[in-house]
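1. give the three-dimensional model of this entry:
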Amino acid sequence: MGTVAIFGAGVMGETLLSGLLRAGRPADSLVITERRAERAAELVERYGVRVLENTEAAALADTLVLVVKPQDMGSLLEEIAPHVDHGNLVVSLAAGITTAFVESLLPEGRSVVRVMPNTPALVDQGMAAVSGGAHCEPQHLTEARELLAATGKVVEVPEKMQDAVTAISGSGPAYIFYVVEAMIEAGVVLGMPRATATELVVQTLYGAATMIKETGQHPTVLREQVTSPGGTTAAALRVMDDHKVRAAFISAMEAAATRSRELAGG
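-> Numbering: from 1, shown residues only. Sure, this is the predicted structure:
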């Protein structure tokens, strides 16, 4: 089993680290980089992994997982490029950063995979999409998928779809939290204690998501099963249609995809 180095110990870096450990990868096969000394000490204490400088980690690793902010990616790649050997795998989790950009700052022919993860990886329910670069070998794509599978589901998509992935699953948890907030507020407006409204909404969300996943039925069918003619659900849905809620969701997600493209270009 090769050594995996995770560059950047923010939320997503730590999430991936802890997921790999839970999935059975030995701590001595993992290293992490972190500029803040206090944070580094915390990770050593919590996980028993080594914390190294960027160049040391790059020289040691077979797989390099880059989990830094998009604006920090260029300087990191310039720092580690001399230590990325042929046969190494470079996995980028930075939003909007293309495999072509990563490849342009590495020696010729290096294997690069781009990943769009999402925050439910924190509870092992992530949805990650992976795309291989120009020189990515099949076994490297498989390795990247296995890494991400430690924190949830993984799909492979052509890189041109990554802006759409960002709009759907990358930003998607925030849309769900936004709807949940609104439903809880509605419960409070209707005279319900906030804690009770929260419990009702959260379990309803969890139950509805589980039904979609486990029944295999189209959401339209499931919605129609709840919607009796002339009933309460029909009244609510008519108001949502009046306010163009469905159209607003589509426009919002188009805006997210557009912004993802802009960030990639910037």
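2. what number of residues are in the vicinity of Val221?
-> For Val221, the neighbour count with other C-beta atoms under 10 Å is 9. No exception for glycine: its C-beta is placed from N, CA and C like everyone else's.
3. show me where the stretch 101-250 of the chain has helices.
-> 138-148, 162-165, 172-189, 194-215, 219-226, 232-242, 245-265 (DSSP state H, counting those that start in this stretch).
4. give the other helices and strands that the fourth one contacts.
-> Using 3 or more C-beta pairs under 8 Å, 6 or more residues apart in numbering; DSSP states H and E as the contact criterion, the elements in contact with helix 194-215 are helix 172-189, helix 219-226.
5. how about Leu77, what does it touch?
-> 66, 102, 105-106 (C-beta atoms under 8 Å, 6 or more residues apart in numbering).
6. what's the answer for Val188, then?
-> Contact analysis of Val188 by C-beta under 8 Å, 6+ apart lists 194, 197.
7. closest to Arg259 out of the helices and strands packed on helix 194-215?
-> Nearest to Arg259, of all those, is helix 172-189, at 13.0 Å by C-beta to C-beta.
8. just the closest of the contacts of Leu77 to Ala186, please.
-> Leu66 (41.8 Å).
9. confidence score at that closest one?
-> Predicted confidence (pLDDT) for Leu66: 97.
10. excluding chain neighbours, what is closest to Arg145?
-> Using C-beta to C-beta, 6 or more residues apart in numbering and skipping the chain neighbours, the partner closest in space to Arg145 is Val154 (4.8 Å).
11. can you name the residues bridging to the one you found?
-> Assessed by DSSP bridges, Val154 has beta-bridge partners Ala128.
12. which residues does it contact?
-> The contact partners of Val154, by C-beta under 8 Å, 6+ apart, come to 128-130, 145, 148.
13. tabulate those residues (JSON lines), appending pLDDT.
-> Output for these, formatted as JSON lines (pLDDT from 0 to 100):
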{"residue": "Ala128", "pLDDT": "98"}
{"residue": "Ala129", "pLDDT": "98"}
{"residue": "Val130", "pLDDT": "98"}
{"residue": "Arg145", "pLDDT": "96"}
{"residue": "Leu148", "pLDDT": "96"}
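14. give me the domain ranges for the protein.
-> 4-159, 172-265 (automatic domain parsing).
15. highest average neighbour count across those domains?
-> Burial of the domains of the chain is given as mean neighbour count (mean count of other C-beta atoms under 10 Å); domain 4-159 ranks first at a mean of 18.
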